[in-house]
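[1] Kindly return the folded structure for what I paste below:
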Amino acid sequence: MDRLTNVLTAISHPTRRAIIEQLSNGPARFLDIAKPIDTALNAVTKHLKLLERAGLIEREKKGREVFITLRAEPLQEVAKWTHVYERFWNKRLDQFEQYFKNKKKKKEKK
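    Numbers count the residues shown, from 1 in each chain. The predicted model follows:
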């Protein structure tokens, strides 16, 4: 799979998006991440592995603890990809707006 697919897969699940949101406040320990999530620790581990595979997090061992940090750079690829469609929809909406302006002008001429 390519990197964009990995990132889109990683952010497709609400639990992983919640983890990303939590980590946007700064690094956290595994148990701190798992605490608000109502699921088994094994499931949290699987979510973290998927985020790590997508390059969205990294782990750093400090003494006996492992801290998990958000790496938001891969999200820029998603933003670039969606930006193409943003331009597409803006163009379509501009055409839609122009259609109604022209229709209004024709009505006013009558």
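[2] What are the buried residues along the worst-scoring helix or strand of the chain on mean pLDDT?
    Scoring the helices and strands of the chain by mean pLDDT, DSSP states H and E places helix 73-109 at the bottom, with a mean of 88. Of the residues in helix 73-109, P74, L75, E77 count as buried by neighbour count, 16 or more other CB atoms under 10 Å. Every residue, glycine included, has its C-beta placed from N, CA and C.
[3] and if you look at stretch 55-72?
    G55, L56, I57, I68, L70.
[4] need the contact list for the nearest residue to the last one once chain neighbours are set aside.
    The spatial neighbour of L70 that comes closest, neighbours along the chain excluded (CB to CB, 6 or more residues apart in numbering), is L23 at 3.7 Å. For L23, the set of contacting residues under the criterion of CB atoms under 8 Å, 6 or more residues apart in numbering consists of I33, I57, I68, T69, L70.
[5] possible to save the residues you listed as CSV with secondary structure, pLDDT and distance to K49?
    Conversion of the contacts of L23 to CSV gives the following (DSSP: H, G, I helix; E, B strand; the rest coil; pLDDT from 0 to 100; distance: CB to CB, whole Å):
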residue, secondary structure, pLDDT, distance to K49
I33, helix, 96, 13
I57, strand, 98, 10
I68, strand, 97, 11
T69, strand, 98, 15
L70, strand, 98, 15
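[6] out of those, which one sits closest to T15?
    Lowest distance from T15 to the contacts of L23 (CB to CB) belongs to I33, with 10.2 Å.
[7] Could you check how many residues crowd around the closest one?
    Residues near I33, counting by other CB atoms under 10 Å, number 19.
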